[in-house]
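*Asks:* What follows is a protein structure lacking sequence information:
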């Protein structure tokens, strides 16, 4: 009966996820966009969970890999390079519009390379010191993106990059509405299904990593690095692997974000984004996949939903309270309440703390 119950829950969840954008589309594409962004943040949180949840390495600069993937997609799938450099204009007279199968692997590979590059000098750092170094790395990348318009215009600086191609594969352009059986599917709904497929694939990878020898070695490093090293675990290589794997998820998320938005600028990759992604992992339950997904969905969707709450509250005070500040206040109060009532997260790992309970 228990197995049948799990199958029924799984089928109901799958059906709900499939029909969700069709229901939200009735109320407006803005609600589907909220669901799309929530899936992107789930993808980011799953990547950070490898670094923070599995390996126990506090990374406050994770948004840097998000930016690297986004700018790589923007450079390879927009007119920016051909308009700026005559060399690329001669090579691509019809414009540089790289296909998905080229752009995403390049963005993921470049982000993974920078992840290893970040991990190499931080192998001996732990805790607060590691957090400070990674925070600095994230800010360095953002400042570079903001200033690489002089003397050679690579990122277009604070003006950002526009006219970025939407995703297109097998003749299907996700940037255009399509009609299926007399029912029109909006572009945002098509992106929803693509992001959902990426999230499911990422969950499968994360789950298999968690159960593998590498995943168990990461958790040993997280619990006690000295004991793990004494047991013969190569902590150096495994830390670099954790940084590289987590960064790869961030690079793919960034590429998807650029294609979805059609425009990117350094403002989208601020320190607050990194803090929010870390908060998603901690709030949901560090190292527990269902908890991480729940935390990402709540913290990404809640600010947008609260827009509809902050507006009436602002009107009640005759405009004396700014709606944006009020929305942030409501989010902060909700997070404080949750962490006070659920210090291990909304959905913590059931295995965590078993040995302590047995010891008592």
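*Replies:* Structure received. Here the structure is a predicted model, which means the values were calculated and not measured. Numbering: from 1, shown residues only.

*Asks:* mind listing what residue 62 touches?
*Replies:* Neighbouring residues of residue 62 by C-beta atoms under 8 Å, 6 or more residues apart in numbering: 44, 47-48, 51, 134, 138, 246, 250, 274, 277-278. Where C-beta positions appear, they are placed from N, C-alpha and C, glycine not excepted.

*Asks:* Enumerate every residue touching the closest residue to residue 328 other than its chain neighbours.
*Replies:* Using C-beta to C-beta, 6 or more residues apart in numbering and skipping the chain neighbours, the partner closest in space to residue 328 is residue 303 (7.9 Å). In this structure, residue 303 makes contact with 327-328, 331, judged by C-beta under 8 Å, 6+ apart.

*Asks:* ok, of those residues, which one's closest to residue 344?
*Replies:* residue 331 (20.5 Å; C-beta to C-beta).

*Asks:* check contacts around that closest one.
*Replies:* By C-beta under 8 Å, 6+ apart, the neighbours of residue 331 are 299, 302-303, 306.

*Asks:* next one: residue 239
*Replies:* Residue 239 neighbours (C-beta under 8 Å, 6+ apart): 55, 57, 119, 123, 221.

*Asks:* Please apply the same query to residue 264.
*Replies:* Applying C-beta under 8 Å, 6+ apart, the residues near residue 264 are 70-71, 74, 160-161, 164, 257-258.

*Asks:* a markdown table for these, including pLDDT, secondary structure and neighbour count?
*Replies:* Shown next, in a markdown table, are the contacts of residue 264 (pLDDT from 0 to 100; DSSP: H, G, I helix; E, B strand; the rest coil; neighbours: other C-beta atoms under 10 Å):
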| residue | pLDDT | secondary structure | neighbour count |
| --- | --- | --- | --- |
| 70 | 95 | helix | 30 |
| 71 | 95 | helix | 27 |
| 74 | 92 | helix | 31 |
| 160 | 92 | coil | 18 |
| 161 | 93 | strand | 25 |
| 164 | 93 | coil | 23 |
| 257 | 96 | helix | 24 |
| 258 | 95 | helix | 31 |
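
*Asks:* Among these, which one lies nearest to residue 19?
*Replies:* Closest to residue 19, out of all of the contacts of residue 264 and judged by C-beta to C-beta, is residue 257, at 24.9 Å.

*Asks:* which stretches of the stretch 1-150 of the chain form helices?
*Replies:* Taking DSSP state H, counting those that start in this stretch, the helices of the stretch 1-150 of the chain run over residues 2-27, 29-49, 63-76, 80-84, 86-91, 100-119, 127-147.

*Asks:* Can you spell out which helices and strands pack onto the fourth one?
*Replies:* Contact here means 3 or more C-beta pairs under 8 Å, 6 or more residues apart in numbering; DSSP states H and E; on that basis helix 80-84 packs against helix 86-91.

*Asks:* that older thread, can you pull the pLDDT of the residue nearest to residue 328?
*Replies:* pLDDT recorded at residue 303 is 80.

*Asks:* and after the helix or strand hosting it, which helix or strand comes next?
*Replies:* Using DSSP states H and E, residue 303 sits within helix 289-305. Downstream of helix 289-305, the first helix or strand assigned by DSSP H and E is helix 307-316.

*Asks:* which helices and strands does that next one pack with?
*Replies:* Helix 307-316 packs on helix 323-341, going by 3+ C-beta pairs under 8 Å, 6+ apart.

*Asks:* and the helix it packs on with helix 307-316, angle?
*Replies:* Interaxial angle, helix 323-341 versus helix 307-316 (axes from the mean of the first three to the mean of the last three C-alpha atoms, to 10 degrees): 120 degrees.

*Asks:* Which residues are in contact with the residue nearest in space to the middle of the chain?
*Replies:* The centroid of the chain falls nearest to residue 44 when counting by C-alpha atoms, centre = their mean (1.8 Å). By C-beta under 8 Å, 6+ apart, the contact set of residue 44 is 62, 66, 249-250, 253, 277, 280, 296.
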